[in-house]
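K.L.:
No sequence on hand, only this structure:
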């Protein structure tokens, strides 16, 4: 499977595939590339309806030049650790942020979350995020507020009383439980509609079907999250009790 950055010819093939309404997986298969590479390429260059190969290629070249300049900027910390390829780490961090965007996060909260996950400590201060991402303090503050509202980060204080933003394994469990609770609210609302409309109404029957479906999904998510949580706290190689 070929590696490295996409060529201009490959981007032209992506544009043609999108014009033919091909799925990302099919475009990836034709180019012998991972589906994630195609998804990331399209999402960060206008999306499936606005993607243009020439603009995407120029934008990628500009990003590469900016990354190169940032890497040599005096005093700017990098996410790469000892023995790691700084360029590969930077490219992966961008890919991780793109996946968070695809899952529904706005661009800057996605970048902040990716940056936090790329640190060994799993936490950074606002000043450290500003330096690493090369954005303003206000931009970081808004992104953190968004992530905090979704309970995707935790606020802590270090020994110098500075606020630190932390990600840990339990946050994913909490996110799943929150999703289940959201579904439960939809179930309750749908069943209130059944009462209002009357059980003989076709609309009420439709709402009851939605309620039954989401009720089952919520219960399944909660049960799976409780079971999967044990995985997070089981040492690698250890057995998880059924």
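P.N.:
Alright, I've got the coordinates. Keep in mind that this is a model prediction, so the values were computed, not measured.
K.L.:
mind listing what's buried in stretch 31-42?
P.N.:
31, 33, 37, 38, 39, 40, 41, 42 (16 or more other C-beta atoms under 10 Å). To be clear about C-beta, it is placed using only N, CA and C from the backbone, and glycine gets the same treatment.
K.L.:
Between the two ends of stretch 163-176, how far is it?
P.N.:
For stretch 163-176, the first and last residues are 26 Å from each other (C-alpha to C-alpha, to the nearest Å).
K.L.:
same thing with stretch 151-165?
P.N.:
11 Å.
K.L.:
Mean confidence (pLDDT) on it, please.
P.N.:
The predicted model assigns stretch 151-165 a mean pLDDT of 85.
K.L.:
neighbouring contacts of it?
P.N.:
Contacting residues not belonging to stretch 151-165 are listed as 109, 112-113, 116, 123-127, 129, 144, 147-148, 166-168, 171, 174-175, 178 [C-beta atoms under 8 Å, 6 or more residues apart in numbering].
K.L.:
Which stretches in the chain count as helices?
P.N.:
Under the criterion DSSP state H, the chain carries helices at the ranges 8-19, 24-31, 35-43, 53-72, 86-102, 107-117, 126-133, 137-149, 170-197, 202-232.
K.L.:
Comparing those, which comes out most buried?
P.N.:
helix 107-117 (a mean of 22; mean count of other C-beta atoms under 10 Å).
K.L.:
Can you tell me what sits against it?
P.N.:
So helix 107-117 is contacted by 79, 93-94, 96-98, 100-101, 105, 122-124, 129, 132-133, 135, 139-140, 142-144, 146-147, 152-153, 165-167 (C-beta under 8 Å, 6+ apart).
K.L.:
Quick one: residues contacting the spatially most central residue of the chain.
P.N.:
Per C-alpha atoms, centre = their mean, the C-alpha nearest to the average position across the chain is that of residue 100, at 1.2 Å. Residue 100 sits next to 109, 110, 113, 114 when contact means C-beta under 8 Å, 6+ apart.
K.L.:
how far away is it from residue 232?
P.N.:
19 Å (C-beta to C-beta, to the nearest Å).
K.L.:
Ok, residue 164 next?
P.N.:
21 Å.
K.L.:
So in this protein, where's the weakest helix or strand by average pLDDT?
P.N.:
When the helices and strands of the chain are scored by mean pLDDT, DSSP states H and E, helix 53-72 comes last with a mean of 68.
K.L.:
Please report phi then psi for residue 22.
P.N.:
When read as degrees, to the nearest 10, the backbone of residue 22 gives phi -80, psi 150.
K.L.:
That one: neighbour count?
P.N.:
For residue 22, the count of nearby residues is 17 (other C-beta atoms under 10 Å).
K.L.:
can you tell me which residues contact it?
P.N.:
Neighbours of residue 22 in contact, by C-beta under 8 Å, 6+ apart: none.
K.L.:
That one and residue 14: what is the separation?
P.N.:
9 Å.
K.L.:
Please apply the same query to residue 99.
P.N.:
18 Å.
K.L.:
Repeat that for residue 161.
P.N.:
49 Å.
K.L.:
mean confidence score for stretch 128-141?
P.N.:
Stretch 128-141 comes out at a mean pLDDT of 91.
K.L.:
Domain boundaries for this protein, per the record?
P.N.:
8-68, 86-166, 170-232 (automatic domain parsing).
K.L.:
Much appreciated, bye for now.
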